[in-house]
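>>> Dropping the sequence and predicted coords here.
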Amino acid sequence: HKTSYTQDKLVDKVKRATAVLKVLDNIRNHNKLIDLIPSLHSVIVFRNPRDTTNSLLKKGWFSDYQLSTESPEPARTLDVSHGKRVHQFVKESISMEEWFAMKEYDRVSHYYKWHLKKFIELANCQNVIFVSYDNMVKDAEKTKGRIFSQIGLEEGDKTSEVVESINPSTAIKENFEAPY
């Protein structure tokens with residue numbers, strides 16, 4: 001049995017929806033999402049710069065190989081330029097020549113600074129909740145309570161299972177020393 005929606009009913013349903021976006025690159029579309037879903041609540045999880053940098057360097061997201069068109073990694077890109085894959089945020093923040101001339105560490109730093117700038121732009125936005133990754137790992141139950149309280153959510157069938165999966169023993173701390 002299929003449900004048929006009129007455009008008005010569908011728009012009303014979407015306006016009451018809760019959306020969660022995992023990939024931080026989606027932060028660039030935050031204002032467009034708010035226009036589409038005015039009641040949207042955004043939960044932005046941030047990490048300290050050193051852990052973020054170490055993690056990204058360990059994963060190699062910005063290595064020459066990962067940016068090459070030969071890489072088997074999923075393309076989180078907007079375009080291919082100079083024979084390399086280009087992340088979406090690059091085109092709005094730096095010239096291609098500068099980007100490709102950077103070393104991997106500098107690309108990672110640029111990525112973090114771009115996100116930090118976006119976080120600052122959203123700092124005073126209504127319905128945006130910032131959550132420290134370290135605090136979430138340290139006390140997931142308290143963090144969940146704060147988020148649910150601010151958004152007005154109730155626990156669902158899987159809430160406890162998800163919260164229990166966020167704990168220090170499952171959080172990976174990289175011991176990589178950044179080259180600075």
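That came in fine, so what should we check first?

>>> top helix in the protein by residue count?
Criterion DSSP state H: the longest helix present in the chain is helix 104-122.

>>> helix, strand or coil for Ile44?
Following DSSP: H, G, I helix; E, B strand; the rest coil, we place Ile44 in the strand state.

>>> Can you tell me the SS state at the residue lying closest to it once chain neighbours are set aside?
The shortest distance from Ile44 to any residue other than its chain neighbours is 5.2 Å, reached at Phe130 (Cβ to Cβ, 6 or more residues apart in numbering). Yep, even glycine has a C-beta here, placed from its N, CA and C like the rest. Put simply, Phe130 is strand when judged by three-state DSSP.

>>> Identify all contacting residues around the longest helix of the chain.
With Cβ atoms under 8 Å, 6 or more residues apart in numbering as the test, helix 104-122 has contacts from 24, 27-28, 30, 42, 44, 46, 49, 52-53, 56-57, 60-64, 87, 89, 93-94, 99, 102, 128, 130, 178-180.

>>> Quick one: mean pLDDT for it?
Throughout helix 104-122, pLDDT has a mean value of 89.

>>> Pull the distance from that helix to the chain's centre.
12 Å (Cα atoms, centre = their mean, to the nearest Å).

>>> tell me the angle it makes with strand 128-132.
140 degrees (axes from the mean of the first three to the mean of the last three Cα atoms, to 10 degrees).

>>> okay, the angle between helix 104-122 and strand 42-46?
Using the same axes, to 10 degrees: helix 104-122 against strand 42-46 is 140 degrees.

>>> Next, the buried residues of helix 104-122.
104, 107-112, 114-115, 118, 122 (16 or more other Cβ atoms under 10 Å).

>>> circling back: filter the contacts of helix 104-122 down to the buried ones.
24, 27, 30, 42, 44, 46, 52-53, 56-57, 61-63, 87, 89, 99, 128.

>>> So which of those residues belong to strands?
42, 44, 46, 87, 128 (DSSP state E).

>>> List the contacts of the residue nearest to Ile44.
44, 46, 119, 123.

>>> Also Leu67?
Contacts of Leu67 by Cβ under 8 Å, 6+ apart are 84-86.

>>> before we move on, the earlier item: in helices only, show me the buried ones among the contacts of helix 104-122.
Cross-referencing the buried ones among the contacts of helix 104-122 against helices under DSSP H gives 30, 52-53, 56-57, 99.
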